[in-house]
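Engineer: pasting a predicted model and its sequence here:
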Amino acid sequence: MKVLHVITGLDAGGAEQWLRLLLRHSAADADVLALTNAGVLADAIRSDGVAVTDLGMRGNRDVAAIPRLVAHVRRGRYDLVHTHLYRAQLYGAIAARLAGVRRVVSTEHSLNDTLIEGRPTDRPGVRALYMTGARLTSRVIAVSEPVARRLVAWGVPRERVRVVPVGIETAEFAFDPAARAAVRAELGIAQDAVVVGGVGRMVEPKRFDILLRALAPLPGVTALLVGEGPAREGLAALAAQLGMADRVRFAGRRVDVARVLSAMDVFASPSPEETFGVAILEAMASGLPVVYAAAPALDALPEQARAGATLTQATPAAVEAAVVALLGGGRPVDRPADRLSDRLSDRLSDRLSPPAALADYDGATLARRIDRIYTECLGPARSASGRTG
């Protein structure tokens, strides 16, 4: 079976990282096409032995890119096209049909109640364009049950929706003391500092501003933010305004997220809307205590698997209180900075054991589920054909 994955771009986000993991474990013979901005993951995927093409699309309305995409699909003689993210779903489904490929699968990573890929869902034409692509799609994979419900509410027939969560390689995120020391040295963070970190695109819906406001009153705590995006400049200005610029590190886009997680002591996800929350699972796999405001990935796990995670409201006061709770109570703002650092270091010196339930998100297992969806669409005989089938 020969599959073309079409994705909007290849920055180091959750959808993009999951695509790379899927490619490692899928039985399909696969290529990747990024509509634009092949990004930092393109070289990483190529190093895994998968061909990556950057279509060079100039914007959301660059319909002139469609003939190039159609030609690429025809040349590749693909059995199935698998699209990821909103723009790729629309353009990829149209191009696949024009190229004669009748089987299209899409994965919906980013549909929240009010946002899709961080932008409002009530913008004119958004739902209509989304459904144009969905109608040309054989199966829509939702990364969580809430996403599946939203898809059905938008008009996707329930019988065409399948739920397959995002996978992770738990072993890859195991705590690494050497990486902890190296990353801290690279970013200019003291080896004995207390670090509270977050991972994600630097966009307003991720609400990293809440995290900075929560940590501002906590002397001795450094904030470490991993990711890139249009909100970074504003976050840097906020850090200066809060008088904590010297306690904030922006690590930028990283493909070595596991190493950076080893440099943290607490992981925080203040976003009030998440379609899945893979970064939270990765943090738990690294043995980090987690403070979070929303995570369907955790909601699907048994309660005992969430022992290292604290659910809180998406407000600075609530996030601050959750971090302070790691101290055993009291307001750290009333304590000298060195005493706060010592108390946190004492409590966080040992990593937590990753919950066994993370095995539910094993990347290889979930890739096999997606391969079965391909077979469901193509039929066993067609799926067995191709170079590696």
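Structural biologist: Looks like it arrived, so ask away.

Engineer: give me the mean pLDDT for stretch 169-176.
Structural biologist: When pLDDT is averaged over stretch 169-176, the result is 95.

Engineer: now the helices for the stretch 51-200 of the chain?
Structural biologist: Under the criterion DSSP state H, counting those that start in this stretch, helices of the stretch 51-200 of the chain are mapped to 65-76, 86-98, 126-135, 145-154, 177-187.

Engineer: just put those in CSV and tack on mean neighbour count and distance to Gly9.
Structural biologist: Glycine gets a C-beta too; all of them are placed from N, C-alpha and C. Converted to CSV, these look like this (neighbours: other CB atoms under 10 Å; distance: least, CB to CB, whole Å):
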stretch, mean neighbour count, distance to Gly9
helix 65-76, 16, 13
helix 86-98, 23, 9
helix 126-135, 16, 17
helix 145-154, 18, 20
helix 177-187, 15, 25
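
Engineer: could the ones you listed go into a markdown table alongside distance to Asp11?
Structural biologist: Compiled in a markdown table, the helices of the stretch 51-200 of the chain are given as follows (distance: least, CB to CB, whole Å):
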| stretch | distance to Asp11 |
| --- | --- |
| helix 65-76 | 19 |
| helix 86-98 | 13 |
| helix 126-135 | 21 |
| helix 145-154 | 21 |
| helix 177-187 | 20 |
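
Engineer: out of these, which is closest to Gln304?
Structural biologist: helix 145-154 (20.1 Å; CB to CB).

Engineer: neighbouring contacts of the closest one?
Structural biologist: By CB atoms under 8 Å, 6 or more residues apart in numbering, the residues outside helix 145-154 that reach it are 108, 111-113, 127, 130-131, 134, 140, 142, 158, 161, 163, 275-276, 296, 300.

Engineer: can you do 7 Å?
Structural biologist: Helix 145-154 is touched from outside by 108, 111, 113, 127, 130-131, 140, 142, 158, 161, 163, 275, 296, with contacts defined as CB atoms under 7 Å, 6 or more residues apart in numbering.

Engineer: state the mean pLDDT of it.
Structural biologist: 96.

Engineer: among the helices of the stretch 51-200 of the chain, which is nearest Ala171?
Structural biologist: Closest among the helices of the stretch 51-200 of the chain, using CB to CB: helix 177-187, at 14.1 Å.

Engineer: convert the C-alpha atoms of that closest one to CSV, please.
Structural biologist: Presented in CSV, the C-alpha positions along helix 177-187 are these (Å, rounded to 0.1, in the frame of the first residue of the first chain):
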residue,chain,number,x,y,z
PRO,A,177,20.4,13.3,34.0
ALA,A,178,23.1,14.0,31.4
ALA,A,179,20.6,15.7,29.1
ARG,A,180,19.4,17.7,32.1
ALA,A,181,22.8,19.1,32.8
ALA,A,182,23.6,19.7,29.1
VAL,A,183,20.4,21.5,28.3
ARG,A,184,20.6,23.7,31.4
ALA,A,185,24.2,24.7,30.5
GLU,A,186,23.1,25.4,26.9
LEU,A,187,20.2,27.7,28.0
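
Engineer: that helix - contacts with which helices or strands?
Structural biologist: In this structure, helix 177-187 packs against helix 257-262, with contacts taken as 3 or more CB pairs under 7 Å, 6 or more residues apart in numbering; DSSP states H and E.

Engineer: please spell out which residues along the following helix or strand past the helix it packs on are buried.
Structural biologist: Note on helix 257-262: by DSSP states H and E, the next helix or strand toward the C-terminus is strand 266-269. For strand 266-269, burial by neighbour count (16 or more other CB atoms under 10 Å) applies to 266-269.

Engineer: who touches the helix or strand just after strand 266-269?
Structural biologist: The helix or strand immediately downstream of strand 266-269 is helix 278-285, counting by DSSP H and E. Contact partners of helix 278-285, identified using CB under 7 Å, 6+ apart, comprise 14, 18, 166, 168, 170, 173, 199-200, 257, 261, 267, 269, 290, 292, 295, 297-298, 308-309, 354-355, 358, 361.

Engineer: chain center to helix 278-285, what's the gap?
Structural biologist: 10 Å (CA atoms, centre = their mean, to the nearest Å).

Engineer: cool, stretch 168-175 as well?
Structural biologist: 15 Å.

Engineer: and stretch 100-110, by the same measure?
Structural biologist: 19 Å.

Engineer: alpha carbons only: can I get that stretch in PDB?
Structural biologist: Extracted C-alpha coordinates of stretch 100-110, given in PDB (Å, rounded to 0.1, in the frame of the first residue of the first chain):
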ATOM      1  CA  GLY A 100      -8.000   9.900  -9.400                       C
ATOM      2  CA  VAL A 101      -7.300   8.700  -5.800                       C
ATOM      3  CA  ARG A 102     -10.600   7.800  -4.400                       C
ATOM      4  CA  ARG A 103      -9.600   7.000  -0.800                       C
ATOM      5  CA  VAL A 104      -8.700   9.900   1.500                       C
ATOM      6  CA  VAL A 105      -8.200   9.700   5.200                       C
ATOM      7  CA  SER A 106      -7.800  12.800   7.400                       C
ATOM      8  CA  THR A 107      -6.700  13.200  11.000                       C
ATOM      9  CA  GLU A 108      -8.400  16.000  12.900                       C
ATOM     10  CA  HIS A 109      -5.800  17.200  15.500                       C
ATOM     11  CA  SER A 110      -7.100  20.700  16.400                       C
END
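
Engineer: quick one: the helices in the stretch 201-350 of the chain?
Structural biologist: Under DSSP H, counting those that start in this stretch, the stretch 201-350 of the chain gives helices at 208-215, 232-241, 257-262, 278-285, 296-299, 316-325, 337-348.

Engineer: ok now the third one, how far from the chain's centre?
Structural biologist: Centroid separation for helix 257-262 versus its chain: 14 Å, with CA atoms, centre = their mean.
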